[in-house]
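**Q** show me how the following folds:
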Amino acid sequence: MGRLVMKFGGTSVANIDRIRNVAQHVKREVDAGHEVAVVVSAMSGKTNELVAWCTEASPMHDAREYDAVVASGEQVTSGLLSIVLQGIGIQARSWQGWQIPIKTSDAHASARILEIDGSEIITRFKERKEVAVIAGFQGINPDTGRITTLGRGGSDTSAVAIAAALKADRCDIYTDVDGVYTTDPRVVPKARRLDKIAFEDMLELASQGAKVLQVRSVELGMVHNMPIFVRSSFDKPEDIDPHANQPPGTLICSEEEIMEMHVVTGIAFSKDEAQISVRQIEDKPGVAAAIFGPLADANINVDMIVQNVSEDGKTTDLTFTVPAADYNRAKDTITSAKAKIGYIRLDTATDVAKVSVIGSGMRSHAGVAAKAFKALSERNINIRAITTSEIKFSVLIDAAYTELAVRTLHTLYGLDQA
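**A** Down below sits the predicted model:
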């Protein structure tokens, strides 16, 4: 017997039939003797609809009222799942974020969880054998008493944070895929599902473009050493043995639990990139601050940074990337600061992609990146920029070559299925 948190995303609760399927997954774990808390997202497409209504009502809407509106999607799902569970004989009740409470910062639409009091839910586990059905993505700011939301993908974050607060044995993330793959199977049909992956590797995969899990949920898992199990909600509930050592899926855990670390774990890519090159700036102290300070003030996240110094050492070029969604704002920000920066020319490109090679095994192996550069050059793929860290390196290339680059690197590091 253990304690589980089960999280179901929007596609898993898209309609009443799918909610009934979710209820069978929950029933299977309850019948196995587990204490269960369920975290649900809004029904597929519902959050987008609610966001559109806010924008239609007023393009410059109050963020506090926006949160009150968009949090209602999860409220509906949690109530519906509780009704269905009760209908099949399982004691269950719905919880909104403010009822637990899940205390958050006051950054509406992108709040961060500060504290969760899980004592009442644990009491009900013991005394009533009650399943807690919790609305994900939301909380309450204790200072204002207002509902807050955690940003896109926030239900994953809610689930892991609740699992930590309840001292659960594991947090199961049910989604429309059956685990974490070495890369996107739609791009590389030979991609393999990983049985286990270390928190650090998953964090890099998520932050570099893999869409399976929200980055903050992996961070929380790593901080609290909370095992996260990614699995499919479309596997038939009756076909899964709840007592199995590991049903189909991917366990995200600490490195110590993985017997054999591969040099490369996976390949991530992102086409949502834009490149900006600030040309012929006077090479003197404070220039980088003059460029990146205004970008930081505008809340624009800068990723890859490359600096080239001219032969005479008097001027420099600075190239960096930003998310494609922030491209126009970044360009306008740099243009507005031209007098302070003192550059001659601004070059930009939006037809670029970032491909990242990730693996904790890189720490103890030399020449991993060099192999990639050679393989890409043999395919006539030009590298515009490179960044490296202890367990990852990323290259910026022309977007047209993304799939070719991913397939080339996937094969190069032996990640293709046997």
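**Q** which one's the longest strand in this structure?
**A** For the chain, the strand with the greatest residue count under DSSP state E is strand 266-282.
**Q** okay, now the sheet partners of it, with direction.
**A** As defined by DSSP bridges, the strand partners of strand 266-282 come to strand 315-323 (antiparallel), strand 345-358 (antiparallel).
**Q** distance from the chain centre to stretch 359-366, please.
**A** In this view, stretch 359-366 has its centroid 23 Å away from the chain centroid, taken as Cα atoms, centre = their mean, to the nearest Å.
**Q** got the end-to-end distance for that stretch?
**A** With Cα to Cα, to the nearest Å as the measure, the first residue of stretch 359-366 is 13 Å from its last.
**Q** try stretch 281-291
**A** Termini of stretch 281-291 sit 10 Å apart (Cα to Cα).
**Q** among the strands paired with strand 266-282, which is nearest residue 42?
**A** strand 315-323 (24.1 Å; Cβ to Cβ). No exception for glycine: its C-beta is placed from N, CA and C like everyone else's.
**Q** who touches the closest one?
**A** By Cβ atoms under 8 Å, 6 or more residues apart in numbering, the surrounding residues in contact with strand 315-323 are 272-283, 287-288, 291-292, 295, 300-310, 330, 344, 352, 354, 384-385, 396.
**Q** what do you get for stretch 184-197?
**A** So stretch 184-197 is contacted by 178-183, 205, 210, 246, 250-253, 257-258, 265-267, 269, 402-403, 406-407, 410-411, 415-417 (Cβ under 8 Å, 6+ apart).
**Q** kindly provide the whole-number mean pLDDT of it.
**A** Across stretch 184-197, pLDDT averages out at 92.
**Q** could you chop this structure up by domain?
**A** With the TED database as the criterion, the domains of the chain are listed as 3-256, 266-413.
**Q** average pLDDT for the shortest one?
**A** In this model, domain 266-413 has an average pLDDT of 91.
**Q** ends of that domain, what's the gap?
**A** End-to-end distance (Cα to Cα), domain 266-413: 9 Å.
**Q** just the longest one next, same as before
**A** Criterion Cα to Cα; first-to-last residue distance in domain 3-256 is 22 Å.
**Q** circling back: and the angle for the helix or strand following the longest strand of the chain with strand 315-323?
**A** Downstream of strand 266-282, the next assigned helix or strand under DSSP states H and E is helix 287-297. Orientation check (axes from the mean of the first three to the mean of the last three Cα atoms, to 10 degrees): helix 287-297 against strand 315-323 gives 20 degrees.
**Q** and helix 287-297, what does it pack onto?
**A** strand 266-282, strand 315-323, helix 327-336, helix 338-341 (3 or more Cβ pairs under 8 Å, 6 or more residues apart in numbering; DSSP states H and E).
**Q** format those as JSON lines; extra columns: distance to residue 139 and mean neighbour count.
**A** Listed next are those as JSON lines, based on distance: least, Cβ to Cβ, whole Å; neighbours: other Cβ atoms under 10 Å:
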{"stretch": "strand 266-282", "distance to residue 139": "28", "mean neighbour count": "20"}
{"stretch": "strand 315-323", "distance to residue 139": "26", "mean neighbour count": "20"}
{"stretch": "helix 327-336", "distance to residue 139": "28", "mean neighbour count": "16"}
{"stretch": "helix 338-341", "distance to residue 139": "40", "mean neighbour count": "14"}
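**Q** buried deepest among the domains of the chain, which one?
**A** domain 3-256 (a mean of 20; mean count of other Cβ atoms under 10 Å).
**Q** pull the distance from that one to the chain's centre.
**A** On Cα atoms, centre = their mean, the centre of domain 3-256 falls 12 Å from the chain's centre.
**Q** which residue sits closest to the residue most central in space within the chain, ignoring its sequence neighbours?
**A** Nearest to the mean C-alpha position of the chain, by Cα atoms, centre = their mean, lies residue 214 at 1.8 Å. In space, and not counting its chain neighbours, residue 214 is closest to residue 153: 3.1 Å by Cβ to Cβ, 6 or more residues apart in numbering.
**Q** could you check the pLDDT of the one you found?
**A** So, for residue 153, pLDDT stands at 82.
**Q** and it, how far from residue 417?
**A** Here residue 153 is placed at a distance of 28 Å from residue 417 (Cβ to Cβ, to the nearest Å).
**Q** now do residue 323
**A** From residue 323 to residue 417 the distance is 32 Å (Cβ to Cβ).
**Q** and residue 152, that one's in a strand?
**A** No. According to DSSP: H, G, I helix; E, B strand; the rest coil, residue 152 belongs to no strand; its state is coil.
**Q** mind listing what it touches?
**A** residue 214.
**Q** going forward can the numbers begin at 40, since that is how I track them
**A** Right, with 40 as the first residue, what we last looked at is residue 191.
**Q** ends of stretch 83-102, how far apart?
**A** End-to-end span of stretch 83-102 (Cα to Cα): 22 Å.
**Q** name the residues that touch it?
**A** 49-50, 52-53, 80-81, 104-105, 108-109, 111-112, 115, 147-148.
**Q** out of those residues, which is nearest to residue 183?
**A** For those, the nearest to residue 183 is residue 147 (9.6 Å; Cβ to Cβ).
**Q** residue 183 is in contact with that closest one, correct?
**A** No. In this structure, residue 147 is not within contact of residue 183 by Cβ atoms under 8 Å, at 9.6 Å.
**Q** shared neighbours, these two?
**A** residue 103.
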